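A.B. asks: fold the following for me, if possible:
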Amino acid sequence: MEDARYPERCRYFWDICHRFHRQPGRTLDLACGTGSLTLLLAQSGVDVFGADASPEMLSEAMNKALEAEQHILFVCQPMQALALPEPIDTCVCTLDSLNHLTDEGDVQRTFDGVARHLSPGGLFIFDVNSVYKHREILADNAFVMENERVFCAWQNFLREDDIVDIALDFFAEEDGVYHRSSEDFSERAYSEESLRQMLQNAGLETLAVWGDLRFETPRDDEQRLIFVAQKMNKE
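C.D. replies: Numbering: from 1, shown residues only. Okay, the predicted model is just below:
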């Protein structure tokens, strides 16, 4: 996540809200992970809380908030089974979290849950890895990454429905000995058209689709798409 560009995403969030003449209000950082963006949003003045399905990640998020002397609520919930006690004004979901849902029904349930909890006119801001990225960048390719802490071997396997199976092997050095750990997961890319349709099914109107951290139409080779949707007012 070293290239996540969290400060830029925090500023971009504010820019989106200003562009649509909305104050963030009570904001949910959905699939917040270890809370890096949640913390920056809170420090910038957003009334924000986080939700994630991983207790381990939420434990790190809470520690970050405590160290920064920020009182942030974190709840352990999977995004496709969202159950909040009160409405929210804005929901943000970043860094391809939705791509981890490889079943289209789970994406629809996530959109339904966000719409159910959003106040009328509330914004849902999220990003996804593009179909182009899955087919042309990830695909059946392998990558190697290394920094002063860890060496990572990353292998991908593309299968039908633009699902990429990802295998990560980490080698971390401690006292001259390298310890290996592994992680396997899958991500699925969804077309812009299918996401628009699922948003509409949930009662959310797509206001904009942009390239990553920009206010421009996505390029043909765009790797990440930004969606802004709004809960439709009932007549």
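A.B. asks: give me the number of residues near Leu39?
C.D. replies: Leu39 has 23 neighbouring residues, counting by other Cβ atoms under 10 Å. In short, each C-beta sits where N, CA and C put it, glycine included.
A.B. asks: which SS class is Phe157?
C.D. replies: Under the three-state scheme (DSSP: H, G, I helix; E, B strand; the rest coil), Phe157 adopts strand.
A.B. asks: contact partners for it?
C.D. replies: Asp140, Val164, Asp165, Ala167 (Cβ atoms under 8 Å, 6 or more residues apart in numbering).
A.B. asks: now Asn129
C.D. replies: Asp96, Asn99, Leu138, Glu187, Ala189, Gln223, Arg224.
A.B. asks: with His134 instead?
C.D. replies: Residues counted as contacts of His134 (Cβ under 8 Å, 6+ apart) are Leu158, Asp162, Ile163, Val164, Glu187, Arg188, Ala189.
A.B. asks: just for this protein, where's the confidence low?
C.D. replies: Within the chain, the segments meeting pLDDT under 70 span 1-2, 234-235.
A.B. asks: tell me how the protein divides into domains.
C.D. replies: By the record's domain assignment, the chain is partitioned as 6-130+191-231, 133-187 (automatic domain parsing).
A.B. asks: and among the ones you listed, the most buried is which?
C.D. replies: Greatest average neighbour count among those goes to domain 6-130+191-231 (a mean of 18), per mean count of other Cβ atoms under 10 Å.
A.B. asks: this protein: strands as residue ranges?
C.D. replies: Taking DSSP state E as the test, the strands found in the chain are 26-30, 47-52, 74-76, 88-93, 118-129, 142-146, 150-159, 163-174, 177-188, 204-211, 224-231.
A.B. asks: okay, these in CSV with distance to His18 next?
C.D. replies: Shown next, in CSV, are the strands of the chain (distance: least, Cβ to Cβ, whole Å):
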stretch, distance to His18
strand 26-30, 14
strand 47-52, 17
strand 74-76, 27
strand 88-93, 12
strand 118-129, 11
strand 142-146, 35
strand 150-159, 37
strand 163-174, 35
strand 177-188, 31
strand 204-211, 13
strand 224-231, 12
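A.B. asks: Tyr12 is nearest to which of these?
C.D. replies: Nearest to Tyr12, of all those, is strand 224-231, at 8.0 Å by Cβ to Cβ.
A.B. asks: can you give me the angle the closest one makes with strand 204-211?
C.D. replies: For strand 224-231 against strand 204-211, the angle by axes from the mean of the first three to the mean of the last three Cα atoms, to 10 degrees is 160 degrees.
A.B. asks: adjacent strands (with direction) for strand 224-231?
C.D. replies: Strands that pair with strand 224-231, judged by DSSP bridges, come out as strand 118-129 (antiparallel), strand 204-211 (antiparallel).
A.B. asks: nearest to Ser59, of the strands of the chain?
C.D. replies: Shortest distance between Ser59 and those, using Cβ to Cβ, is found for strand 74-76: 8.9 Å.
A.B. asks: quick one: contacts of the closest one?
C.D. replies: Residues outside strand 74-76 that contact it (Cβ under 8 Å, 6+ apart) are 32, 35, 38, 49-55, 58, 61-62, 65, 84.
A.B. asks: adjacent strands (with direction) for that strand?
C.D. replies: Here strand 74-76 has these sheet partners by DSSP bridges: strand 47-52 (parallel).
A.B. asks: mind checking how far the most centrally placed residue in the chain is from Val150?
C.D. replies: Using Cα atoms, centre = their mean, the residue of the chain that lies closest to the mean C-alpha position is Thr94, 2.5 Å off. As judged by Cβ to Cβ, to the nearest Å, Thr94 and Val150 stand 23 Å apart.
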